[in-house]
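In: here is my input, please return the structure:
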Amino acid sequence: MSFYPSVDIELIGRLLTRRPAEGSTPLTTAFQLGLYRDGVVLNMTDKREVEIRRRAWAMLYHLDRTISLLVGRPASISDAHTDTRMPANLDDEELEGDFDPNGHPLTKPTVYTYVIVR
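Out: All right, here's what the predicted structure looks like:
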């Protein structure tokens with residue numbers, strides 16, 4: 001019995017081992033948007049936008065690593081080609097208004113704590 005009963009691992013494997021058309025995958029789109037580069041490196045001043053970019057990249061990175069393990073293929077994202085930092089240990093609701101970009105200590109669990117420590 002699978003831990004994720006609603007996920008068809010075999011179907012995901014078949015879909016991911018095919019060569020998709022350029023621009024048709026979320027990962028390709030993320031690279032085109034430059035999410036692999038940290039917003040601070042790109043001199044972005046909106047801390048909320050920087051944090052959202054980090055969160056999107058972290059989730060895609062985690063998905064890429066998980067899928068590569070499931071289908072037995074190398075990961076698509078090379079650590080040598082990304083400088084995006086981990087997202088802050090904050091819940092999504094805390095991004096509204098003014099927030100501390102450093103987040104909470106890891107001793108205070110949030111939705112993103114697992115993404116950070118994995």
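In: first-to-last residue distance for stretch 103-117?
Out: 14 Å (C-alpha to C-alpha, to the nearest Å).
In: and the contacts of that stretch?
Out: 55, 58-59, 62, 86-92 (C-beta atoms under 8 Å, 6 or more residues apart in numbering). No exception for glycine: its C-beta is placed from N, CA and C like everyone else's.
In: poorly predicted segments of the chain, please.
Out: 1-24 (pLDDT under 70).
In: show me where it has strands.
Out: Secondary structure of the chain (DSSP state E): no strands located.
In: by residue count, tell me the biggest helix in it.
Out: Counting by DSSP state H, the longest helix found in the chain is helix 47-71.
In: between the contacts of stretch 103-117, which is closest to residue 75?
Out: residue 62 (10.8 Å; C-beta to C-beta).
In: hmm, back to that, let's have the contacts of stretch 103-117 in a markdown table, adding neighbour count.
Out: As requested, these are exported to a markdown table (neighbours: other C-beta atoms under 10 Å):
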| residue | neighbour count |
| --- | --- |
| 55 | 20 |
| 58 | 19 |
| 59 | 15 |
| 62 | 13 |
| 86 | 16 |
| 87 | 24 |
| 88 | 21 |
| 89 | 21 |
| 90 | 21 |
| 91 | 13 |
| 92 | 12 |
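In: and residue 44, how far from residue 37?
Out: 10 Å (C-beta to C-beta, to the nearest Å).
In: show me which of the two is the more surrounded one.
Out: residue 37 (17 against 14; other C-beta atoms under 10 Å).
In: list the contacts for the residue nearest to the more buried one when sequence neighbours are not counted?
Out: Spatial nearest neighbour of residue 37, excluding adjacent residues (C-beta to C-beta, 6 or more residues apart in numbering): residue 83 at 6.1 Å. Taking C-beta under 8 Å, 6+ apart as the criterion, residue 83 is in contact with 36-38, 41.
In: noted, bye for now.
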